[in-house]
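K.L.:
here is my input; please provide its structure:
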Amino acid sequence: MATEKQKAWVRPQIGSITLAVIVSLYILIVANYTFWSRAFVYFDGHRLAFAGFVAGMIALTIAIAVSVSMKYLIKPALIFLVLAAVAAAWFTDRFGVIIDREMLRNAAVTTQSEAQHLITAKFVLHMLLAGVLPSLAIAAVRVVHRPFWSKFLHNTAVVLPCIGVVAVTGMGFYSTYAAVGRIHRDLMMTINPHFPIGSAIYFAATYGDNLNVVRQPIGTDARQIPAAAPGKPRVLIIVAGETARGQEFSLGGYGRDTNPEMKARNVTFFPDVTSCGTETAVSIPCMFSVYPRTQYSHRKGLATDNLTDVLGHAKIDVEWWDNDTGTYGVADRIKYKYLPNTRDPRFCKDGECLDTILLDKLDDWLANVKGDSVLVLHQLGSHGPAYYQRYPDDSRRFTPDCRVADFANCKPEEVTNAYDNTIVMTDHVVASVIDKLKAHQDKLAGSMLYLSDHGESLGENGIYLHGAPYFIAPRQQTHVPMALWLSDAFASETRLDRACIAAQAERPASHDNFFHSVLGLMQVETSVRNASLDIISPCRKPADKLASN
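P.N.:
Below is the predicted model:
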C-alpha cells in the first residue's frame, strides 16, 4: 500500500487558493502577449498608471479564479479558463483578431473546409504545449479543500483585497484610464480569456432570441417600369465578392496591374466604397437589407424582407449561386445552389472550389432566361489565410507567393503576392461574366455589378485577416471595391447615361447604397427605395426617371 509520501510524489498536494493564483498568473503571462504589448504602448508616458493597471488586472484575474475554487468546480473551471485563454491567444497574437460577438457569429457558420485553414499543425502543437499539458497538470494534482466556512472565509480574505486593489488603482488613475480607454477601445478586447468568454456568454444569451423571429414583408408594392424598348429581358448579374480590399485594385490606383481584364472591358470602378461590416456574416445580410449600417442589426436582418424579396415582389426572377459559406438568410426564399456540394474535380478539392465553378453553367442559365432576371454569384474570392488555394497554379502572376496557411512561415511580401493573385483571379471571373453576357447580347440586355463584402488586413499594424470590431477596424477591412458594367442594350432599355454613372462613381459610396441602387438598375419602383441612396437613377434620362420617395 502506497505511503502518503509516495502519493504526494505521484500526485502532489496544493491548496485551492494557491492553485487559483498560479493558474491566474500563467494565463496572464502566457496567453496575453498582445494585451500587455498594447497596454505598454498605450500607457507610454504614464508608467505609474501602467504599474497600477498591471496590479489591477492581476488582482482581478486572481479574484475570478479564487471565486471558482470550490470543490468539484475548481479543476474543470480552471482547465476551461486555460484552454479558452491559450486558444484565443493564438488568434489574437498571430493574426491580431479580436474575438467578439460578431466574430463568434461568423465562426458559428464557418464551414469545415474554411476552418481547416486555421486549425494548422502549429495551432495543434500550441494547444498541446500551452493548453493541454497545463490542464493535465491541474487535473493531476490533489487539491486540498478546507471545511466550507473556513474555505469561505479564506477565499473572501483573498477576493476582497483583490477587489480593493482594483478599486484603489481604478480611482487613483481614473483620468488616465478613462483617456486610454476612449482613445484605445481595443485594449480590453484583447484580454484573455475575459473578453472572449464574455462575448461567448452574450452570444449564447441572445442566440435564442433570433430563432423565432417573424419576418415582416416590405416592398410589396414593388413594380418594374417597362423597358424603353421592350424586346430583350433585362439581366443583372451581381458578383458578391469575398474579402477583396479596395486598395488592391489597379482600377483604383494600386501600383500593380491586378485588373487587366476588367480594364479592357471598360467597367466603371467606384474607388471609395465602404463596407457595412468586417465579416461576411454581417456584411452580406446588411448590404442586401434595407437598413443603413448605423441602423442594421442581426435581428433586423432576419425580421425584414431583403433585396431579393423585393425584387421578387416586382416579378423579377432571382437566383443565388454560392461558392462561399452561405447567404446568412438572404436567399432563403429564392432559387439557391451551393456549388461546393457538386465536388466537381475540375474546380473543387477538400470541400472548396475555385471561383471559376461559378462560370461553368452560366452560359446554360443565360440561354434559358425568359424574363427580367437577377443572378447573384457569391465568390470565395480572397478568403484567407489560404490565399494560395484561391487560384490555380498556372495563375501565379506575383511570385514568390505564400503557399501555406500559416503566415509565420512566409515573408510579408509573399503574403501580399498570394493575396494579389486572388485579386487577379477575381478580375478574371468578373471579366468572364461580362464576356458571357456579351455572348448572349442578341437575346439579352445584360449588366454586371461587382461588390465585395469586406476587406482584409495583410499585416498592417500587426493585424491579419478580417473581423475587427467596426469602430476600431482599419480601413483595409472596410474599404471595398465596386465595379459596374452595362451592355449597350441594357443602357438603352433603361435609358442610363454611362458617362453620368462614371462621374457618380468618383463620389464616396457604401453598402448603404447597394439595396436602393440595384432597385434603380432594374427600374423597380417601390416605397422602400430611398432615392437619395440610389446612385444609379440620377443618371437616367428625365423622361424615364424613377419617382422619388
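K.L.:
buried ones in the longest helix belonging to the chain?
P.N.:
Longest helix of the chain, by residue count under DSSP state H: helix 412-439. Within helix 412-439, the residues scored as buried using 16 or more other Cβ atoms under 10 Å are 414-434, 436-437. Yep, even glycine has a C-beta here, placed from its N, CA and C like the rest.
K.L.:
now do stretch 332-352
P.N.:
334, 336, 338-340, 347-348, 352.
K.L.:
try stretch 63-82
P.N.:
Neighbour-count burial for stretch 63-82 flags 63-69, 74-75, 77-79, 81-82 (criterion: 16+ other Cβ under 10 Å).
K.L.:
circling back: now the buried residues of stretch 332-352 in CSV, with distance to residue 89 and pLDDT?
P.N.:
What follows is the buried residues of stretch 332-352, written out as CSV (distance: Cβ to Cβ, whole Å; pLDDT from 0 to 100):
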residue, distance to residue 89, pLDDT
334, 42, 96
336, 38, 96
338, 34, 95
339, 36, 95
340, 31, 93
347, 36, 96
348, 34, 94
352, 27, 92
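K.L.:
and of those, the nearest to residue 444?
P.N.:
residue 334 (19.6 Å; Cβ to Cβ).
K.L.:
re the thing from before, now, which of the buried residues of stretch 332-352 sits nearest residue 155?
P.N.:
Taking the buried residues of stretch 332-352 together and measuring to residue 155 by Cβ to Cβ, the closest member is residue 352, at 50.4 Å.
K.L.:
okay, now the unreliable bits of the stretch 151-300 of the chain?
P.N.:
Across the stretch 151-300 of the chain, the ranges flagged by pLDDT under 70 are 208-210, 229.
K.L.:
let's see that with 80 instead.
P.N.:
The stretch 151-300 of the chain contains residues with pLDDT under 80 at 182, 205-212, 228-231.
K.L.:
what segments of it are helices?
P.N.:
For the stretch 151-300 of the chain, the helices defined by DSSP state H, counting those that start in this stretch occupy 174-183, 194-207, 260-264, 280-287, 298-303.
K.L.:
re the thing from before, any chance of the buried residues of stretch 332-352 in JSON lines, plus secondary structure?
P.N.:
Shown next, in JSON lines, are the buried residues of stretch 332-352 (DSSP: H, G, I helix; E, B strand; the rest coil):
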{"residue": "334", "secondary structure": "coil"}
{"residue": "336", "secondary structure": "strand"}
{"residue": "338", "secondary structure": "strand"}
{"residue": "339", "secondary structure": "helix"}
{"residue": "340", "secondary structure": "helix"}
{"residue": "347", "secondary structure": "coil"}
{"residue": "348", "secondary structure": "strand"}
{"residue": "352", "secondary structure": "strand"}
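K.L.:
could the residues you listed go into CSV alongside distance to residue 264?
P.N.:
Listed next are the buried residues of stretch 332-352 as CSV, based on distance: Cβ to Cβ, whole Å:
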residue, distance to residue 264
334, 33
336, 32
338, 32
339, 27
340, 30
347, 24
348, 29
352, 29
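K.L.:
between those, which sits nearest residue 303?
P.N.:
Residue 303 lies nearest to residue 334 out of these, by Cβ to Cβ, at 18.0 Å.
K.L.:
show me what contacts the closest one?
P.N.:
308, 312, 318-320 (Cβ atoms under 8 Å, 6 or more residues apart in numbering).
K.L.:
which of these fall within strands?
P.N.:
318-320 (DSSP state E).
K.L.:
before we move on, back to that, with mean neighbour count and distance to residue 40 as added columns, please give the helices of the stretch 151-300 of the chain in TSV.
P.N.:
Shown next, in TSV, are the helices of the stretch 151-300 of the chain (neighbours: other Cβ atoms under 10 Å; distance: least, Cβ to Cβ, whole Å):
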stretch	mean neighbour count	distance to residue 40
helix 174-183	13	12
helix 194-207	16	18
helix 260-264	17	45
helix 280-287	26	32
helix 298-303	17	35
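K.L.:
and those as TSV, adding distance to residue 369?
P.N.:
Compiled in TSV, these are given as follows (distance: least, Cβ to Cβ, whole Å):
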stretch	distance to residue 369
helix 174-183	54
helix 194-207	40
helix 260-264	23
helix 280-287	24
helix 298-303	29
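K.L.:
those helices: which one's closest to residue 464?
P.N.:
Nearest of the helices of the stretch 151-300 of the chain to residue 464, taken as Cβ to Cβ: helix 280-287 at 16.5 Å.
K.L.:
just the CA coordinates of the closest one, formatted as PDB?
P.N.:
What follows is helix 280-287, C-alpha atoms only, in PDB (Å, rounded to 0.1, in the frame of the first residue of the first chain):
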ATOM      1  CA  THR A 280     -19.300  38.000 -44.200                       C
ATOM      2  CA  ALA A 281     -21.900  37.100 -41.500                       C
ATOM      3  CA  VAL A 282     -22.600  40.800 -41.000                       C
ATOM      4  CA  SER A 283     -21.800  42.400 -44.400                       C
ATOM      5  CA  ILE A 284     -23.800  40.100 -46.700                       C
ATOM      6  CA  PRO A 285     -27.100  40.300 -44.900                       C
ATOM      7  CA  CYS A 286     -26.500  44.000 -44.200                       C
ATOM      8  CA  MET A 287     -25.800  45.000 -47.800                       C
END
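K.L.:
distance from the chain centre to that helix, please.
P.N.:
9 Å (Cα atoms, centre = their mean, to the nearest Å).
K.L.:
what about the stretch 1-150 of the chain, any weak spots by pLDDT?
P.N.:
Short version for the stretch 1-150 of the chain, where the test is pLDDT under 80: 1-11, 100-118.
K.L.:
ok, now with 50
P.N.:
Residue ranges of the stretch 1-150 of the chain with pLDDT under 50: 1.
K.L.:
which residues in it form helices?
P.N.:
Using DSSP H, counting those that start in this stretch, helices in the stretch 1-150 of the chain cover 4-10, 16-30, 33-42, 47-67, 74-95, 101-108, 112-115, 121-126, 133-140, 148-172.
K.L.:
packing partners for the second one?
P.N.:
So the one you mean is helix 16-30. Counting contacts by 3 or more Cβ pairs under 8 Å, 6 or more residues apart in numbering; DSSP states H and E, helix 16-30 is packed against helix 47-67, helix 74-95, helix 133-140, strand 142-144, helix 148-172.
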